[in-house]
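# I'll drop the sequence and a predicted model, then ask my questions.
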Amino acid sequence: MSNNLRSTILLASVIASAGCVGKPSTAPTPAAGTGGLYMPRDVALAFKKGTRSPDGRPGPNYWQNRARYNIEVSALPPDRTVRGSESIVYVNNSPDTLANPSIKLFINIHKPGAPRAYGAIPNYLTSGVHFDAVTVDGQPAQWQVTDNTFTTRQYPLPRPLFPHDSVRLTFKWHYDISITSGREGMIDSTTWYLAYFYPRVAVYDDYNGWDRMDFTDLQEFYSDFNDYDIAVTVPANYVVWGTGTLLNPSEVLRAAYLERYNRSLTADQTITIASLAELRAKSVTMQGKNNTWRFHAENIPDMTYALSNHYVWDAASVVVDPATNRRASVQAAYNDTATDFHHMVHFAQHALDWLSRNWPGVPYPFEKTTVVQGFAGMEYPMMVNDEPYADTVFSRFVVEHEIAHSWFPFYMGINETRYAMMDEGWATTFEYLIGSADLGTPRATEFYKQFRVEGWINDRSSLEDVPIITPGDGLVAPYGNNAYGKPSLGYLALKDLLGEAEFKTALHAFMDRWHGRHPIPWDFFNTVNNVTGQNLNWFWKSWFFDPSYIDLAVASVNKAGDGYTVVINNIGGMPAPVNLQLTFTDGTSSVVHETPAIWAANLRQATVTVPAAKTLQSLVLDGGIWMDANTSDNRWPLH
């Protein structure tokens, strides 16, 4: 979840609503879809080349590239200059000869003139990243960086990189950390968040080639699965939290704090490894001028680090895989004044436990997670950078969303830049499902409607009807709704259509086929069709490919035999579930639930039979989380 969307969310009291009761009607089996789904030319070519299969599996010719990064970085407050050197061994597993790789320089988002989705205040701006030396396969290389070199740079290699060959690149660089913190930067003068701080080779994939899109601070990221060895040098009395295994805790922590750290790795209850008083007393880390904290991680898409000389350090652990009793470390780093963060280890333990066992129901795939108090509301592999909130319920809501991203995109290798529907959409879905368990469905529904649906459904701009499948790198105004609420509503509608068991079977098949790889939406759609044995292209097309929204209307209600026939018009075009709230002349009431299956035969109109021995007095259509754009025609009789 990015900071720009977070800024639109206002804390508000949430009023619990009454739940629906009543027996759902039997819905017809969805008819087989006709015709294939729209496929852009680059995606169609991938299927033709056999890197992806129509049944949703990786194709027989699927490949992806990877790299090994060895990075040394120093961050020595109060000096604002971050200095780094790295060696990258990049392996070309593709069948193509690569001559002009893209190098990502995300820190250049701070340069004046960089393409941005938003304006930048002076404290956000820096001169960007500066290179001190570059080599290719051990030989010094020319590396020209001009004033208009921003977050992506094409680099012509001295010799082409042939299929199944590798190249070794080294970079030595430095940059000034920005005073204003967003996804990275200074949280305060002695608390820094290092993210996207190193030059990296962009993704070269089977359907889009090189990822050459500039980072604009709106869309998110796309990375290969790589191996990392990282050394972070900081002054004595600073603690470093970050992605991967801390290799040398005994070299950086004094004995008492090392014992607490080691104990926390198997503890169920929160242990304060370092308190504010202990940090102020300078008793936590080894003394001397500087300490180097070393981390190692394998097969992950990115890594980030936070450092501070006054953040409280709490930790515990939680069993994330009951079958093997595997535990994950859960840590929090925060200002002692942040009341909600005193509960953060517990919130994160609960999130890892529930998400691992329920939705998505795949054991947390990493060894730890650390929640750092910052300003971003942003996820990273094994790391979260979250704001503090006075409302601990909302604070838990936010961290559950960010931790849900551990599966999408980091386990699944999603292209967030282009298909945010596949990471933000799923994280928003899991956010609602865990919220229903935490708070009860009525209150979670109000949360979801307030933060994920109302802004979109009440916005009549034609931009908000842009299809969800539209690549995110071409969106600005409708980006947030197309990434979060709309696709989440689609996934939840699919769950309603298939039923919980079949939905989970299909989701797990998709995750089993594509984790550690780079799936795209068609892989998900095809997998669900394949696993369920149904052609759901009518559903995919209407929900994800067509310009549409949710707007249902009662067309007619007529007595028919032992009940009533209700004709419902689908004005907006999205095949959403609907509840028919029935009130009878004797004062009783009931609710009949209809899944999206009612739209399979005719997307624009459905006839529903409602058994009823009583006389119907009134009927109201209510979509719950699938809010209606115009509720004035959802009632019978109209007046």
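Happy to help now that I have it. Just so you know, these numbers come straight off a predicted model, no measurement behind them.

# What ranges does the stretch 351-500 of the chain have for its helices?
Taking DSSP state H, counting those that start in this stretch as the test, the helices found in the stretch 351-500 of the chain are 392-404, 424-439, 441-448, 454-457, 479-483, 485-498, 500-514.

# Let me have the ones you listed in a markdown table, extended by distance to residue 329.
Heads up, the C-betas are built off the backbone N, CA and C, glycines and all. A markdown table is the format used below for the helices of the stretch 351-500 of the chain (distance: least, C-beta to C-beta, whole Å):
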| stretch | distance to residue 329 |
| --- | --- |
| helix 392-404 | 13 |
| helix 424-439 | 20 |
| helix 441-448 | 28 |
| helix 454-457 | 37 |
| helix 479-483 | 30 |
| helix 485-498 | 29 |
| helix 500-514 | 23 |
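
# So which of those is nearest residue 87?
helix 500-514 (29.8 Å; C-beta to C-beta).

# Show me what the closest one is in contact with.
56-58, 359-362, 407, 411-413, 494-495, 498, 519, 523-524, 527-528, 530-532 (C-beta atoms under 8 Å, 6 or more residues apart in numbering).

# Between the helices of the stretch 351-500 of the chain, which one is closest to residue 71.
The stretch from the helices of the stretch 351-500 of the chain with the least distance to residue 71 (C-beta to C-beta) is helix 392-404; that distance is 24.2 Å.

# what angle sits between the closest one and helix 441-448?
With axes from the mean of the first three to the mean of the last three C-alpha atoms, to 10 degrees as the criterion, the two stretches helix 392-404 and helix 441-448 enclose an angle of 80 degrees.

# Against which helices or strands is helix 392-404 packed?
helix 344-357, strand 368-373, strand 378-380, strand 383-386, helix 424-439 (3 or more C-beta pairs under 8 Å, 6 or more residues apart in numbering; DSSP states H and E).

# That one: which residues count as buried?
Neighbour-count burial for helix 392-404, with 16 or more other C-beta atoms under 10 Å as criterion, is recorded at 392, 394-404.

# still on that earlier bit, want to throw the helices and strands packed on helix 392-404 into JSON lines with mean neighbour count, distance to residue 165 and mean pLDDT?
Formatted as JSON lines, these follow (neighbours: other C-beta atoms under 10 Å; distance: least, C-beta to C-beta, whole Å; pLDDT from 0 to 100):
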{"stretch": "helix 344-357", "mean neighbour count": "23", "distance to residue 165": "39", "mean pLDDT": "98"}
{"stretch": "strand 368-373", "mean neighbour count": "26", "distance to residue 165": "35", "mean pLDDT": "98"}
{"stretch": "strand 378-380", "mean neighbour count": "28", "distance to residue 165": "31", "mean pLDDT": "98"}
{"stretch": "strand 383-386", "mean neighbour count": "28", "distance to residue 165": "33", "mean pLDDT": "98"}
{"stretch": "helix 424-439", "mean neighbour count": "23", "distance to residue 165": "36", "mean pLDDT": "98"}
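
# closest one to residue 600 among these?
Taking C-beta to C-beta as the criterion, helix 424-439 is the member of the helices and strands packed on helix 392-404 that comes nearest to residue 600, at 22.0 Å.

# what's the angle between that closest one and helix 441-448?
Our comparison of helix 424-439 with helix 441-448, counting by the same axes, to 10 degrees, yields an angle of 140 degrees.

# give me the number of residues near the closest residue in space to residue 102 that isn't next to it in sequence?
The shortest distance from residue 102 to any non-neighbouring residue, by C-beta to C-beta, 6 or more residues apart in numbering, is to residue 202 (3.7 Å). Taking other C-beta atoms under 10 Å as the neighbour definition, residue 202 ends up with a count of 21.
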